[in-house]
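Novice: From the sequence below, what's the structure:
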Amino acid sequence: MVPFSPGQELMAWHSQKIPGFVNFSIDLRACSVLVVVRAKSRSRPLILMPMSLRQRSPGHQIAAAQPWLSYRKNEFVCPTVGAQAGSFNSYGTGFFMKKLCCLLFPMLFALAQGQVPAPAAKDANTTRYTFILSGNKAGFESSTRNPDGSLQVHFEFNDRGRGPNINEKIVAGNDAIPFGIEITGVDYLKDPVDERFSVKQGVANWKNRSEEGQKKVGGKAFYTSISGAPEETALLAQALLAAPGHKLPLLPAGEASIEKRSELKINANGQSRTVTQYAIAGLSFSPFALWLNADGKLFASVSTWATVIQEGWEGSAADLLKAQDTLENERSANLARTLAHKPQGPLVFTHANLFDSDSAQTLPNRTVVITGNKISAVGADGQIPLPKNAEIIDAAGKTLMPGLWDMHVHVAPGDGMLHMSCGVTSVRDLANDTDFLMQTRSRFDAGTEIGPRVVMAGFIDGRGPYQGPTKVFADTEEE
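Specialist: Predicted structure coming up:
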């Protein structure tokens with residue numbers, strides 16, 4: 001039997017028949033698929049073989065266009081002969097089993113004798129990363145420098161049957177700015193991915209699942225893909241560090257900048273190294289943190305939810321996150337001090353257009369009095385006595401309405417201020433890292449970070465390979 005690693009499987013779906021052999025088909029109901037055995041020598045034939053897989057999660061769906069599969073890292077899948085599915089049944093399983101044994105095993109034996117090499121040593125041009133989802137190993141990324149200088153990246157993870165599985169080729173200059181990107185595979189929801197970017201004669205062209213466009217490029221600009229691997233962010237960091245002022249325009253639009261935050265010495269498996277934390281602004285509403293090695297290559301991107309970290313250093317993720325959170329919390333506290341305003345006494349809104357949610361009407365010229373954190377009086381202008389020492393806000397021409405609820409959130413760093421700026425004053429969090437959420441809610445309540453009231457409503461799950469992202473488990477009635 002010849003084991004196949006995930007990367008090899010991805011390359012094996014381009015041919016599904018050989019002249020003179022039985023035409024096979026795929027029947028997911030019986031969890032049967034086809035395996036292509038490709039000889040090392042191009043002069044040798046491709047060999048197809050039916051294969052049975054262990055039953056996956058009911059939610060694991062394979063894209064209709066191409067059967068891209070997701071497996072755990074180091075989970076080898078061996079071709080086996082067993083009960084076949086779908087199109088085999090009309091002819092009889094026994095008939096096909098005999099034919100397959102006669103046709104395939106002699107060829108596989110000969111191929112294995114002459115072509116299967118011993119396990120290869122680790123490629124010095126390849127760097128592997130572990131993908132950790134909610135504390136559990138769920139996938140990996142590999143990054144290989146090709147002989148022509150291009151970068152070949154594979155990225156996949158399995159989140160209860162969902163998760164991307166992509167291959168990406170990046171061609172970049174010495175300044176780490178890509179001028180050619182090709183991404184294929186499937187995205188998180190198993191929809192096919194075919195993203196392209198190129199720069200030719202000063203014109204950038206791109207096509208992804210959201211848009212197709214082009215733009216004249218007068219100078220250096222960095223394309224931010226939709227379906228790309230984490231490796232892209234490290235390239236952006238390298239390009240920003242080399243750019244004047246550490247800033248670059250983004251394609252299709254925007255601008256990014258980078259700043260160095262801190263250094264940290266870490267230890268694992270008897271080794272030590274110093275890594276540097278950087279923060280990239282311009283990709284989202286808050287800076288994106290990542291860690292680079294001394295040579296500028298990606299070391300890790302960590303969070304309580306999802307982490308990508310260089311293989312062999314998984315144990316240092318907690319130390320990286322602690323250092324990262326310290327600076328994030330300082331930033332949040334500084335924003336709370338400079339942006340938040342806490343009235344010293346009663347707060348009064350006058351001349352407001354008040355939205356009455358009970359009647360779904362807007363009532364003009366209304367006064368609203370707030371004492372502490374309670375609405376103490378509401379009425380028409382001139383009919384409500386104003387408390388002494390009240391702070392008065394003239395809301396003429398403006399609409400005043402109750403705070404909104406968002407009933408399904410997963411609070412992440414930086415979300416609190418976004419909720420408040422959109423009028424969302426209360427949220428219900430349905431799944432999160434419990435420790436992170438409790439600490440965040442405490443900062444919201446204490447006013448050291450801007451954010452809404454949080455109702456924690458995470459779920460309880462049973463332990464297993466397809467358990468949900470939670471720290472709260474119950475496998476027995478007692479638990």
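Novice: Pick out the residue nearest the middle of the chain.
Specialist: The centre of the chain sits closest to Ala306, judged by C-alpha atoms, centre = their mean, with a distance of 7.1 Å.
Novice: where do the helices sit along the stretch 101-250 of the chain?
Specialist: Using DSSP state H, counting those that start in this stretch, the helices of the stretch 101-250 of the chain run over residues 231-242.
Novice: which intervals of it have sub-threshold pLDDT?
Specialist: Across the stretch 101-250 of the chain, the ranges flagged by pLDDT under 70 are 101-122.
Novice: all strands of it, in order?
Specialist: With DSSP state E, counting those that start in this stretch applied, the stretch 101-250 of the chain shows strands at 126-133, 136-145, 151-157, 165-172, 178-186, 192-200, 203-207, 212-216, 222-223, 247-251, listed in chain order.
Novice: Gly372 is nearest to which of these?
Specialist: Smallest distance to Gly372 across the strands of the stretch 101-250 of the chain (C-beta to C-beta): 42.0 Å, for strand 126-133. Every C-beta, even on glycine, is put in place using the N, C-alpha and C of the backbone.
Novice: follow-up on the earlier one: spit out the contact partners of the residue nearest to the centre of the chain.
Specialist: Residues near Ala306 by C-beta atoms under 8 Å, 6 or more residues apart in numbering: 131-134.
Novice: can you list these in JSON lines and add neighbour count and distance to Ala253?
Specialist: As requested, these are exported to JSON lines (neighbours: other C-beta atoms under 10 Å; distance: C-beta to C-beta, whole Å):
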{"residue": "Phe131", "neighbour count": "24", "distance to Ala253": "29"}
{"residue": "Ile132", "neighbour count": "21", "distance to Ala253": "32"}
{"residue": "Leu133", "neighbour count": "17", "distance to Ala253": "31"}
{"residue": "Ser134", "neighbour count": "18", "distance to Ala253": "33"}
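Novice: Correct me if wrong, but Thr273 is in a strand.
Specialist: Quick fix: residue 273 is Arg, not Thr. Yes: using DSSP: H, G, I helix; E, B strand; the rest coil, the secondary structure at Arg273 is a strand.
Novice: quick one: it and Ala294 touch, right?
Specialist: Yes: here Arg273 reaches Ala294: they are 7.3 Å apart, a contact under C-beta atoms under 8 Å.
Novice: Compare these two (neighbour count), which wins?
Specialist: Legend: neighbour count by other C-beta atoms under 10 Å for Arg273 and Ala294, higher for Arg273 (15 against 11).
Novice: distance of that one from Asn267?
Specialist: Going from Arg273 to Asn267 by C-beta to C-beta, to the nearest Å gives 8 Å.
Novice: buried stuff in stretch 433-445?
Specialist: Residues of stretch 433-445 classed as buried by neighbour count (16 or more other C-beta atoms under 10 Å): 433, 436-437, 440-441, 443-444.
Novice: do you know which of the strands of the stretch 101-250 of the chain lies nearest Trp405?
Specialist: Closest approach to Trp405 among the strands of the stretch 101-250 of the chain is made by strand 126-133 (28.2 Å; C-beta to C-beta).
Novice: Point out where the stretch 351-479 of the chain drops to low pLDDT.
Specialist: In the stretch 351-479 of the chain, no residues with pLDDT under 70.
Novice: re the thing from before, and the residue nearest to the centre of the chain, what are its bridge partners?
Specialist: Per DSSP bridges, the residues bridged to Ala306 are Leu133.
Novice: before we move on, the earlier item: inside helices: which ones of the buried residues of stretch 433-445?
Specialist: Residues from those lying in helices, with DSSP state H as the criterion: 436-437, 440-441, 443-444.
Novice: Which single one of the residues you listed is nearest to Met401?
Specialist: Checking those one by one against Met401 (C-beta to C-beta), the nearest turns out to be Phe444, at 21.2 Å.
Novice: List the single closest residue to the closest one in space, sequence neighbours excluded.
Specialist: Ranked by C-beta to C-beta, 6 or more residues apart in numbering and with sequence neighbours excluded, the top spatial neighbour of Phe444 is Gly451, at 3.6 Å.
Novice: Now do the same contact list for that neighbour.
Specialist: Per C-beta under 8 Å, 6+ apart, neighbours of Gly451: 411, 415-417, 419-420, 440-441, 443-444.
Novice: Would you format the residues you listed as a markdown table with distance to Leu335 included?
Specialist: Below are these laid out as a markdown table (distance: C-beta to C-beta, whole Å):
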| residue | distance to Leu335 |
| --- | --- |
| Val411 | 16 |
| Asp415 | 13 |
| Gly416 | 10 |
| Met417 | 7 |
| His419 | 14 |
| Met420 | 11 |
| Thr440 | 14 |
| Arg441 | 17 |
| Arg443 | 11 |
| Phe444 | 13 |
